[in-house]
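>>> Pasting a predicted model and its sequence here:
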Amino acid sequence: MSDRVRGGRQAAMRARVAAAISAATAVAALGLTADAGAGASAAEDDRAQARPAATRGGHVRPADTILKNARIYTIDEARPRADVVAISGKRIVHVSRGKSRAWRRFIGPRTELVNVRGRPIIPGMVDSHTHPSAVALSSWHIALPKTDDLETILSFVRQYAAEHPPSEVPFIYAEYYPSDMDWGPDGPTAAAIDAYVSDRPVLLQDFSDHASVVNSRMLELMGVDADTPLQIDPEDPGPQFVRGADGVTPTGWVLEGAWRYFAANMYEAIGWSAPSEVTPELLHNFTSSLSEKGVVAVLDAITDEATLAAAAALDEQGRLHVNYHAATMFNGLADLPESIAQLRAWQRKYGGKHVKIRTLKLFLDGTNEIGTSAVLEPFAIGENDYGELRMSEDDLMAAMLRLNAANLDLHIHLVGDRAFRTALNAVRRAQKQLGSAWRMQVTLTHDELIDPADMPRVAKLGVILNWTPHWSGGYFGEAAADWLGWERFNRMYQFNPVIDSGGIVNYGSDVVTQYEAARADPFFGMQVGHTRIDPEYPMQPGPGTVPGTEIRKPRSARLPVGDLLEGYTRNGAIELRLADTMGSIEVGKLANLSILDEDPFKVPDDEIENVEPDAVLFEGRVVQGGLDP
């Protein structure tokens, strides 16, 4: 089967999906139709809406809209392709293909009959890991030139400072510099920035978003010096100020956002502070940009109260055209009860029809680009350095037991193969202890380096993997190779073996700033995930690329378009516990779908990113574009 169209349709996958989705409701009970006898699955609280929408006195009620002559990719294994879909109210009431004329029963005097003229239709997509609040609050950041030349970047910052005095811009926050940029023999230091700008605080953020470099003025205003504790968060060893040769003097290199713990001191000193609360309008700007690309649900991987309040306000106003699901953070067992209590309070205060929060987020390790991941074999830099886990396997299992009892889900950040194995081991132990009482859902996000022996365990344990396809090329450069070595570097970002063994993989954008917000387009993600070439940041031919190409090694890791579409639709819905109402085009499900201008299965590989929805339907209503060709 073609690499373009192979989908993850293994028997194990079918079994896993069947276990994750609620039992189907009989089609006849709802008075809905499907040519091949496919079932319909709907949440209990939605059935009352679906039944009167489809029937009246035992007779078929006319549909509001019928889309015919379409090329429908249903993501329904019982009926992968269709030509016609009929919609009544918020729901799909009929799906058929071929010579069937059963859809004509749904035509009434007010039915809108639309000839799609062969255009493709796909289910609404899910961004299973993104950061709306971070993007919304980043508009004041400045964008660095796209280069790995330190002199060019620092000269740009100096020129910006000359054009914008401290009275206008009291704090320069610039993004991004490449994680593998050469800072010279001393590495990233405050002194390097001081030589160019020293009259105000300056922060340069690296591509991984897990490290930054600040100047001496910023260290001074924050009150960070040799007396600042090495571990600034007693519950989380990740955030830290890298120290110099004496072991105590901060160099200016900052890991895992440690500067934020001291930012209030700086803001007070300069009489200015960065925007800190998301408003409904700021959030709407981001969610509507995703909606334009066919996204109908998101997981906000680290939320806050202001963002939840903004989402609830948009939902109340009828302006939230996505299902907004959110996760809140915890760092360890000590703060887990407080985090659960906070989540419960937010559920009660902000939860609604399209706004849900039932997930806890944990960072189990850091990032491969700066050597803070947890790995099975030592890093290539240093001696016997395996990185650091932020939570032990025992504590992680204990956290899972507590979350399972609370009927909450867990979303774990991890990038190293030791962190990955630790998470799977904790799941296995928790499941063994709980037996049939196990009910929580565990998602492992990023999963950049997986030992081959652990890949089949994903399906066996029923965990979900979340990947960011637009990272599949050269977005983060080759910094990880310095720490991992080329052999491990060339084993990164491999998910086909997991999918082939029946594991569920879904996809998200993980955008954290306006700088990269355009990369949240799922079709851009599909292109990079399928080609392993980043059109904006291609890898140069070398030890990390397929010989003579810009394709990141290995070629076999290129994700088929079919698997990408399943991951962005059905598999995303599974993680959000929405698979009984969306994620595929099936009778009884909500009419969340997009009509596309081009077919992602048929356009050239390097043009997938150009695919655009002509129309996006959210619960049966056109919220972007229009139905007419």
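In hand now; what should we look at?
>>> Is it correct that residue 279 is in contact with residue 310?
Yes. In this structure, residue 279 is within contact of residue 310 by CB atoms under 8 Å, at 5.9 Å. Any C-beta I mention is one placed from the backbone N, CA and C, and that applies to glycine too.
>>> which of these two has more neighbours?
A direct count of neighbours by other CB atoms under 10 Å for residue 279 and residue 310 places residue 310 higher, at 27 against 16.
>>> Going toward the C-terminus from the strand or helix carrying that one, what's the next helix or strand?
For residue 310, the host element (DSSP states H and E) is helix 305-317. As assigned by DSSP H and E, the chain's next helix or strand after helix 305-317 is strand 323-329.
>>> related to what we said a few turns ago, now the angle from the helix holding residue 310 to strand 323-329?
Orientation note: helix 305-317 sits at an angle of 160 degrees relative to strand 323-329 (axes from the mean of the first three to the mean of the last three CA atoms, to 10 degrees).
>>> Other residues contacting helix 305-317?
Residues outside helix 305-317 that contact it (CB atoms under 8 Å, 6 or more residues apart in numbering): 132-133, 136, 276-280, 282-284, 287, 300, 320, 324, 326, 346, 349-355, 357.
>>> The residues you listed in strands, which ones?
The members of the contacts of helix 305-317 that map onto strands under DSSP state E are 300, 324, 326, 355, 357.
>>> Can you add neighbour count and pLDDT and give those residues back as a markdown table?
Compiled in a markdown table, these are given as follows (neighbours: other CB atoms under 10 Å; pLDDT from 0 to 100):
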| residue | neighbour count | pLDDT |
| --- | --- | --- |
| 300 | 26 | 98 |
| 324 | 26 | 98 |
| 326 | 27 | 98 |
| 355 | 23 | 98 |
| 357 | 23 | 98 |
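>>> Show me which pair in those residues is furthest apart.
300 and 355 (10.1 Å; CB to CB).
>>> any weak-confidence spans in the protein?
Applying pLDDT under 70 to the chain picks out residues 1-58.
>>> Sticking with the residue nearest to the spatial centre of it, tell me its helix or strand.
Among the residues of the chain, the one closest to the centroid is residue 129, at 2.1 Å (CA atoms, centre = their mean). Per DSSP H and E: residue 129 is located in strand 125-130.
>>> May I have that strand exported as PDB, CA atoms only?
C-alpha atoms of strand 125-130 as PDB (Å, rounded to 0.1, in the frame of the first residue of the first chain):
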ATOM      1  CA  MET A 125      -9.700  18.200  13.500                       C
ATOM      2  CA  VAL A 126      -8.300  18.300  17.100                       C
ATOM      3  CA  ASP A 127      -5.200  20.200  18.200                       C
ATOM      4  CA  SER A 128      -4.300  17.800  21.100                       C
ATOM      5  CA  HIS A 129      -1.600  19.900  22.700                       C
ATOM      6  CA  THR A 130      -1.400  23.700  22.300                       C
END
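>>> Buried by neighbour count: which residues of it qualify?
Neighbour-count burial for strand 125-130, counted by 16 or more other CB atoms under 10 Å, picks out 125-130.
>>> before we move on, the earlier item: with respect to residue 629, which of the ones in strands among the contacts of helix 305-317 is nearest?
Among the ones in strands among the contacts of helix 305-317, residue 324 lies closest to residue 629 (CB to CB), at 31.4 Å.
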